[in-house]
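> pasting the sequence and the predicted coordinates here, then a few questions.
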Amino acid sequence: MTDITHKLLERHPLGNPHRVWRQSNYILSTFSCRGDNMRRAVRTCRDAGFNLIELGWAEHEQALEAVSLCEEYRLDLLYQDFSEFGGMQKWHLDRITSADDPAAALKAHNQLLKALADKLRPYRHTIGYYVWDEPLLHEQLLEARRQADILQAHTPEKLPFTVAIPSYNTDYTWQNGKFTDYLTDYVETIDPPVLSLDYYPYGLPGYNDDEQLDNSLFWCDLGLMRVLCKKYSLPLWFYYQAVNLYKYAHFEFEMVRCQMYAAALYGAKGLQSYTAVGSVITESGEPDVFFNETKQIHSEFDALGNTLMALDSHAVYHSPELLSGSPYIDGLADDISDSDILTGPLDFRISVGELRDEYGNRYFMVLNRDFTVEKSTSIKLKRPMRRYDVSRIDGSQSLVGVIDSIDLTLAPGDAALIRLQQTNDEPFTCEYRISC
């Protein structure tokens, strides 16, 4: 084969234009890295390929120890310690509003936040603070914003992180028509550096093995996040279900993998495991049941991450059975008949995300949503295109040739990332480098 040009293209750090913090690399995170041996827990999470750990639910002593350990292991950390700051839905705000002197309690809390920022400023790998886990009411959104602003003012280089509540909460749902308003209010009130949301579908009421995620509102939550991230220029982060929360009949890693690649298909720049404990590490910090599988998929995203950071979500297409007849998916996914490249319909349980870089290069992530069977699929093109595969070993691109259909065989819950190029353009491979 004749040598082809290789291009080195610049990409840029991502972040809310109203906030200071910027994201340079793809995030592979876990909520609540903790255990009775914090050194072992942190080390095992690092060995599993996490590049960020979070201290949800950590005790005071565990949090302080994790700060030092993360410096030692060069592993990034989101700090949380309920004894000092951070909210979880309702109870934290009540500590201020129910005080004998709320104004004095608020002033004292401001000083506590400033002291915390001073304490954590020297630690390079403590990249941010876990400010609030699922603020629900509007006054909680305001309190999360207040804390985030104070922490940003004193340590602008650190991330003031919050996560939104999913649509299966009891107050704001797709069924009662309030979830869009909630998530929009969340974004506009907190003005977060990233938009993160958790959705844990396996075992929720109505879930069953026959339908899998075909009728899950998981896709609507992701779709609304995608819309808001595009509107407000926010990186999308997503918590996926890594443990059998609801004690369903079975829970396999293919179910985890499907969620991770689904979020990437929607343009996610961060994948957050809920949770490492019980899937990747035990309570004592030893490798757990999904350690090897998690390490493998993290190596895949580590290879793909540099490319994914350079890409924006342009369109998401699903096969016809996904949420067929549901009004909630309207406007949150795209019609493949509008594509200028792909023809439909897609095969059963196949989804495609089109992603583009700022130079006009077009990528397609193809997902097998079926996490029980391997699937071969063929997606017809409207005209011949040049195909490049993006390696999940080292992120390199390889020219496959000129094709008139995307032909793939995908393992259960698995995906592939390819680039398509017009045949009248000179062939080239490319890679991205971060530019400050």
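Received the coordinates, thanks. Residues are numbered from 1 along each chain as shown.
> all strands of the stretch 201-350 of the chain, in order?
236-241, 270-274, 312-318, 350-356 (DSSP state E, counting those that start in this stretch).
> the third one pairs with which strands, parallel or anti?
What it means is strand 312-318. When sheet partners are counted by DSSP bridges, strand 312-318 sits next to strand 350-356 (antiparallel).
> next: the first one.
Within its sheet, and counting by DSSP bridges, strand 236-241 is paired with strand 195-198 (parallel), strand 270-274 (parallel).
> so which of the ones you listed gets nearest residue 106?
strand 195-198 (26.3 Å; CB to CB). Just so you know, the C-beta spots here come from the backbone N, C-alpha and C atoms, and that holds for glycine as well.
> give me the neighbour count for the closest residue to residue 147 other than its chain neighbours.
Closest residue to residue 147 apart from its sequence neighbours, by CB to CB, 6 or more residues apart in numbering: residue 131 at 5.0 Å. For residue 131, the neighbour count with other CB atoms under 10 Å is 30.
> how about residue 156?
12.
> if I look at the closest residue to residue 58 other than its chain neighbours, how far off is residue 60?
By the measure of CB to CB, 6+ apart, the closest residue to residue 58 outside its immediate chain neighbours is residue 34, 5.0 Å from it. From residue 34 across to residue 60, the span is 12 Å (CB to CB, to the nearest Å).
> the two: which is more packed in?
residue 34 (24 against 11).
> now do the contacts for that one.
Residue 34 makes contact with 41, 55, 57, 58, 59, 62, 277 under the criterion CB atoms under 8 Å, 6 or more residues apart in numbering.
> show the buried residues in these.
41, 55, 57, 58, 62, 277 (16 or more other CB atoms under 10 Å).
> quick one, domains of the protein?
By the assignment in automatic domain parsing, the chain contains the domains 5-9+312-434, 21-308.
> which strand or helix spans residue 432?
strand 428-434 (DSSP states H and E).
> and that strand, average pLDDT?
Strand 428-434 shows a mean pLDDT of 98.
> tell me the strands beside that strand, with direction?
When DSSP bridges is applied, strand 428-434 pairs with strand 5-11 (parallel).
> residues of the helix or strand just after the partner strand that come out buried?
Sequence order places strand 27-30 as the next helix or strand after strand 5-11, per DSSP H and E. The neighbour-count check on strand 27-30 (16+ other CB under 10 Å) flags 27, 28, 29, 30 as buried.
> with stretch 247-265 instead?
251-265.
> try stretch 318-338
318, 319, 322, 323, 328, 329, 332, 333, 334, 336.
> circling back to that earlier point, which one of the contacts of residue 34 sits closest to residue 293?
Out of the contacts of residue 34, the member with the shortest distance to residue 293 (by CB to CB) is residue 277, at 16.0 Å.
> report pLDDT for that closest one.
So, for residue 277, pLDDT stands at 93.
> quick one: low-confidence ranges for the stretch 151-300 of the chain?
For the stretch 151-300 of the chain, no stretch has pLDDT under 70.
> quick one: the helices in the protein?
Ranges of helices in the chain, per DSSP state H, are 38-47, 60-73, 91-97, 102-120, 138-154, 179-190, 218-232, 253-265, 291-308.
> what is the neighbour count of residue 153?
Per other CB under 10 Å, the neighbour tally for residue 153 reads 13.
> wait, residue 243 sits on residue 275?
Yes. Residue 243 lies in contact with residue 275 (CB atoms under 8 Å); the separation is 6.1 Å.
> sorry, back to before: and the contacts of residue 34, which two are the farthest apart?
The widest separation within the contacts of residue 34 (CB to CB) is 13.5 Å, between 59 and 277.
> buried deepest among the domains of the chain, which one?
domain 21-308 (a mean of 19; mean count of other CB atoms under 10 Å).
> endpoints of it, how far apart?
Taking CA to CA, to the nearest Å, domain 21-308 runs 19 Å from one end to the other.
> which among the helices of the chain is found nearest to residue 212?
Using CB to CB, those put helix 253-265 closest to residue 212, at 8.4 Å.
> against which helices or strands is the closest one packed?
The contact analysis (3 or more CB pairs under 8 Å, 6 or more residues apart in numbering; DSSP states H and E) places helix 253-265 against helix 218-232, strand 236-241, strand 270-274, helix 291-308, strand 350-356, strand 362-368, strand 415-422.
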